[in-house]
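Participant: build me a model:
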Amino acid sequence: METSVFHLQYAIDTFYFLICGALVMWMAAGFAMLESGLVRSKNTTEILTKNVALYAIACTMYLVCGYAIMYGGNAFLAGMGSVDVDGVLGSFAERGDFTGGSIYSGASDFFFQVVFVATAMSIVSGAVAERMKLWAFLIFAVALTGFIYPMEGAWTWGGASVFGMYSLGELGFSDFAGSGIVHMAGAAAALAGVILLGARKGKYGPNGEIRAFPGANLPLATLGTFILWMGWFGFNGGSVLKLGDVASAHSVAMVFLNTNAAAAGGAIAALITARLMFGKADLTMLLNGALAGLVVITAEPSTPSALQALIFGALGGVLVVFSIVFFDKIRVDDPVGAISVHGVCGLLGLLLVPVTNGGASFGGQIVGALTIFIWVFVTSLIVWGILKAVMGIRVSEEDEYEGVDLSECGMEAYPEFVSAK
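Facilitator: Modelled structure (predicted):
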């Protein structure tokens, strides 16, 4: 009987992991649609190319070295695709526990982890849009997904000490599904690139004026947001790590509920904030508000009540509007608001964890956030700087004016229409 229970739990937990991983993979489509909808039509093909290519690069680099750096050992290459059923069964039989532990295939764990890496890199794509060289971006993707992200992942989810100096876990750091580890890390890498890259031509006037560059396809951006919203159930829900017992199933249900509530709270709060600030119902702020709520709750979706999750998401929705305006004022040009959504709101999510999770401390959250941000920002700045010196990271002014679709990809997304200049 116990053996049958083990096999059933193993199957359920593994299948759940794979389904959640597939949902997170679908977020790659969400990022592609969101970004291509928020850029000008002359840059759409290049955005789509970046999103497909970065996903492939992330999967390859994490397979080759990233997983091993983050968790030790030889990762998938060492035969993770097989399982010693008798060995695993024996370890659980020794303690008479067939329902309390996480039992799943190592291959499913790798698959679930690798789609998180791609998410971090997708965040960078939108922030540097419309003026970065494609191949410089893809080379940076190799560095981020193969080394920079896995290192900070080793210090957090991997449990390793930070350069042998201190352990974030012992300090009370907690990040359930990656508000800091994934989202703030991606935003830190994006910020480093944007600083070296500079703003798009004509974005900021000589007298301090800020010129709006409307996105080419807001229906596509809206579709992308809904895809991300859906994929986030796998992002947060899969981070429970298992489903095959009563307690875990309840936890998964609460995570789904809280994830949805936070997104709704963020969307409503951003819409109202934009109306009060700009006098209009700004769709782009509404979309970013929903994403901000999702980022905030990602740090801890399992311990808040649904009402608390709604409030936390609403705080993110308000904050993201002010953050986007702030970065524009200091002339940090982020076409899709990625740094605000994933960076600023990722930090907020980390700081809110101790409110409902007694195992986390504010000090630990602050130290963890600083560790992640400083590591990713500094190393990314170095890699971006090397790329800038060696091959350049920005397209020519003429190519930027004509659109990077033609200069980088040789084709337009909407050839039947005259490209907007």
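
Participant: C-alpha only now, for contacts and for neighbours.
Facilitator: Noted.

Participant: please enumerate the strands of the protein.
Facilitator: Listed in chain order, the strands found in the chain under DSSP state E amount to none.

Participant: now do the helices in the stretch 1-150 of the chain.
Facilitator: Ranges of helices within the stretch 1-150 of the chain are 2-38, 44-61, 67-71, 85-94, 106-127, 134-143, 149-155, based on DSSP state H, counting those that start in this stretch.

Participant: looking at those, which is closest to residue 393?
Facilitator: Between residue 393 and these, the shortest gap by CA to CA is with helix 134-143, which sits at 5.6 Å.

Participant: which residues are contacting the closest one?
Facilitator: Helix 134-143 is contacted from outside by 46, 50, 53-54, 57-58, 61, 121, 383-384, 387, 391-393, 408, using CA atoms under 8 Å, 6 or more residues apart in numbering.

Participant: burial of the closest residue to residue 121 other than its chain neighbours, as a residue count?
Facilitator: Excluding the flanking residues, the one nearest residue 121 by CA to CA, 6 or more residues apart in numbering is residue 186, at 6.0 Å. Applying other CA atoms under 10 Å, we find 30 other residues in the vicinity of residue 186.

Participant: any idea how many residues pack against residue 213?
Facilitator: The burial metric for residue 213, expressed as a neighbour count using other CA under 10 Å, is 13.

Participant: that one against residue 40, yeah?
Facilitator: Yes: counting by CA atoms under 8 Å, a contact exists between residue 213 and residue 40, whose distance comes to 7.3 Å.

Participant: how much space separates residue 45 from residue 411?
Facilitator: Spatial separation of residue 45 from residue 411 under the definition CA to CA, to the nearest Å is 7 Å.

Participant: now residue 13
Facilitator: Following CA to CA, the distance that separates residue 13 from residue 411 is 44 Å.

Participant: the two: which has the busier surroundings?
Facilitator: residue 13 (22 against 15).

Participant: I'd guessed the residue nearest to residue 121 sits against residue 126; true?
Facilitator: No: using CA under 8 Å as the test, residue 186 is too far from residue 126 to be in contact (10.8 Å).

Participant: list the contacts of residue 27.
Facilitator: Taking CA under 8 Å, 6+ apart, we find residue 27 in contact with 119, 227, 228, 231, 232.

Participant: pull the contacting residues for the first one.
Facilitator: It stands for residue 119. Remark: with contacts taken as CA under 8 Å, 6+ apart, residue 119 is in contact with 27, 28, 182, 183.

Participant: how close does it sit to residue 170?
Facilitator: Using CA to CA, one gets 27 Å for the distance from residue 119 to residue 170.

Participant: got it, and the third one?
Facilitator: According to CA to CA, residue 228 stands 33 Å off from residue 170.

Participant: the more surrounded of those two?
Facilitator: The residue with the greater number of neighbours, taking residue 228 and residue 170 and applying other CA under 10 Å, is residue 228; the counts read 26 against 11.

Participant: buried residues in stretch 160-167, which are they?
Facilitator: Of the residues in stretch 160-167, those scored as buried under the neighbour-count criterion (16 or more other CA atoms under 10 Å) are 160, 167.

Participant: where does this protein have low pLDDT?
Facilitator: Screening the chain residue by residue with the criterion pLDDT under 70, one finds the ranges 1-2, 73-104, 418-421.

Participant: before we move on, the earlier item: now the common contact residues for residue 45 and residue 411.
Facilitator: Between them, residue 45 and residue 411 share the neighbouring residues residue 405, with contact defined by CA under 8 Å, 6+ apart.

Participant: ok, residue 47 - contacts?
Facilitator: When contacts are taken as CA under 8 Å, 6+ apart, residue 47 is in contact with 32, 35, 36, 125, 126, 129.

Participant: for the fourth one, what are its contacts?
Facilitator: Taking CA under 8 Å, 6+ apart as the contact definition, residue 125 lies against 47, 50, 51, 190.

Participant: lovely, talk soon.
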